[in-house]
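Visitor: Have a look at this fold, sequence not included:
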């Protein structure tokens, strides 16, 4: 990581830990998506609406929380 940090902006994220804090390890990819959206300022897309379209209803709430948590990292 140190070599990368010299040439690139790096962000270290423990997505698994964050997902476990939310109560579901399977949401770690959505945590990372939220962090990516923030880092690259991809705000012109309604990501919550996309999640609503692709995530099953029973998993939607936890995934939205994971996305929002990732945006705050």
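Guide: Now that the structure is in, tell me what you want to look at. Everything numeric in this text was worked out from a predicted model, so none of it was measured. Numbers count the residues shown, from 1 in each chain.
Visitor: quick check, distance from stretch 43-62 to the centre of its chain.
Guide: Chain-centre distance of stretch 43-62: 12 Å, with Cα atoms, centre = their mean, to the nearest Å.
Visitor: That should have said stretch 23-33, apologies.
Guide: 7 Å.
Visitor: what do you get for stretch 28-45?
Guide: Computed by Cα atoms, centre = their mean, the separation of stretch 28-45 from the middle of its chain amounts to 6 Å.
Visitor: helix, strand or coil for residue 12?
Guide: Using DSSP: H, G, I helix; E, B strand; the rest coil, the structure places residue 12 in coil.
Visitor: do you know how far it is from residue 73?
Guide: Between residue 12 and residue 73 the computed distance is 10 Å (Cβ to Cβ, to the nearest Å). C-beta: built from backbone N, CA, C; applies to glycine.
Visitor: which stretches of the chain form helices?
Guide: Counting by DSSP state H, one finds helices in the chain at the ranges 2-7, 15-22, 28-39, 47-54, 57-72.
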